[in-house]
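Enquirer: okay, here's the prediction I keep looking at, along with the sequence it came from:
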Amino acid sequence: MRYVGRGAGVSNILKPKRGGIMIGAVILAAGMSQRMGRQKLFLPFKRHTIIEEVIDHIKASKVDCILLIYGNQDDRWEKIAIEKEIACKRNSEYQKGQSTSVKKGIEMMPDGMDGIMFILGDQPLIDSKVINKIIDTFYERKASIVVPLYKGVRGNPVLFHAKWRETLFNVKGDKGARDIILQNKDEVSYIRFNDSMYNIDVDTKEDYQNILMAVSKTCKS
């Protein structure tokens, strides 16, 4: 994959891994981090930051095209995108809710994709194995929407067939694509995971400390 620079399209970074099958990933990283009180995605995690951990997991997966959607103006977003060789785009309307980032991701993602996956930037425990299982389910079941369940609890990332592009482009508010899933239950294929740790997101200082402790215990075991 090749970085395409601020304001550019992302078609230049495509590097298919499976012939004509194409999966694009949109990283939703434009949240305001209000409960954390600072930009949480730049917090230290392992040997780098939370957002870099998320990007590395996606790059290690079967995803073909990665697009990072960020909100606040900070040179670090561009620097990370260049270092990780992914595309990025600022959402200047991020304060209006997550749907504006979904819309920006759909707008920037090139045509020809079979499916588009939305991944939260504050879930660093979602690894490439989880992502690949979701993608494999998409192919094997010829699914319309694939949603993971972590010990029975609906979570992220969610993979949508390309036929949902227009619908996703028209979502509103801070619910992202949640209403599409709830209103089209017959279109949803679920894949179950037995570990609820995958579904932890970092919203508060307590969340951050808990996830650091969980990773520390895993490394020691």
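Expert: Okay, I see it.
Enquirer: from now on I want contacts and neighbour counts done on CA atoms only, so please keep to that.
Expert: OK.
Enquirer: find the least confident helix or strand in this protein, judged by mean pLDDT.
Expert: Least confident helix or strand of the chain, by mean pLDDT, DSSP states H and E, is helix 205-220 with a mean of 84.
Enquirer: other SSEs contacting that helix?
Expert: Applying 3 or more Cα pairs under 8 Å, 6 or more residues apart in numbering; DSSP states H and E, we find helix 205-220 packed against no helix or strand.
Enquirer: distance from it to the middle of the chain?
Expert: With Cα atoms, centre = their mean, to the nearest Å as the basis, the distance from the averaged C-alpha position of helix 205-220 to the chain average is 21 Å.
Enquirer: now that helix - C-alpha only, PDB.
Expert: Provided in PDB are the C-alpha atoms of helix 205-220 (Å, rounded to 0.1, in the frame of the first residue of the first chain):
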ATOM      1  CA  LYS A 205      -8.700   6.900  32.100                       C
ATOM      2  CA  GLU A 206     -10.000   3.900  33.900                       C
ATOM      3  CA  ASP A 207     -10.500   2.000  30.600                       C
ATOM      4  CA  TYR A 208      -7.000   2.900  29.600                       C
ATOM      5  CA  GLN A 209      -5.500   1.600  32.900                       C
ATOM      6  CA  ASN A 210      -7.600  -1.600  32.700                       C
ATOM      7  CA  ILE A 211      -6.500  -2.300  29.100                       C
ATOM      8  CA  LEU A 212      -2.800  -1.800  30.000                       C
ATOM      9  CA  MET A 213      -3.200  -4.200  32.900                       C
ATOM     10  CA  ALA A 214      -4.900  -6.800  30.700                       C
ATOM     11  CA  VAL A 215      -2.100  -6.600  28.200                       C
ATOM     12  CA  SER A 216       0.600  -6.800  30.900                       C
ATOM     13  CA  LYS A 217      -1.000  -9.900  32.400                       C
ATOM     14  CA  THR A 218      -1.200 -11.500  28.900                       C
ATOM     15  CA  CYS A 219       2.500 -10.900  28.300                       C
ATOM     16  CA  LYS A 220       3.400 -12.400  31.600                       C
END
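Enquirer: ok, and what's touching that helix?
Expert: The contact list for helix 205-220 (Cα atoms under 8 Å, 6 or more residues apart in numbering) reads 36, 45, 200-202.
Enquirer: can you do 7 Å?
Expert: The contact list for helix 205-220 (Cα atoms under 7 Å, 6 or more residues apart in numbering) reads 36, 202.
Enquirer: run through the strands of the chain in chain order.
Expert: In the chain, the strands defined using DSSP state E lie at 23-29, 44-45, 48-49, 65-70, 87-90, 115-120, 145-150, 153-154, 158-161, 188-193.
Enquirer: run me through the strand neighbours of the fourth one, direction for each.
Expert: In this case it means strand 65-70. The pairing partners recorded for strand 65-70 under DSSP bridges are strand 23-29 (parallel), strand 87-90 (parallel).
Enquirer: could you check the angle strand 115-120 makes with that strand?
Expert: Between strand 65-70 and strand 115-120, the angle comes out at 40 degrees (axes from the mean of the first three to the mean of the last three Cα atoms, to 10 degrees).
Enquirer: in contact with the most centrally placed residue in the chain, which residues?
Expert: Taking Cα atoms, centre = their mean, the centroid of the chain lies closest to residue 119, which sits 1.5 Å from it. If you count contacts by Cα under 7 Å, 6+ apart, residue 119 has them with 25-28, 156-157.
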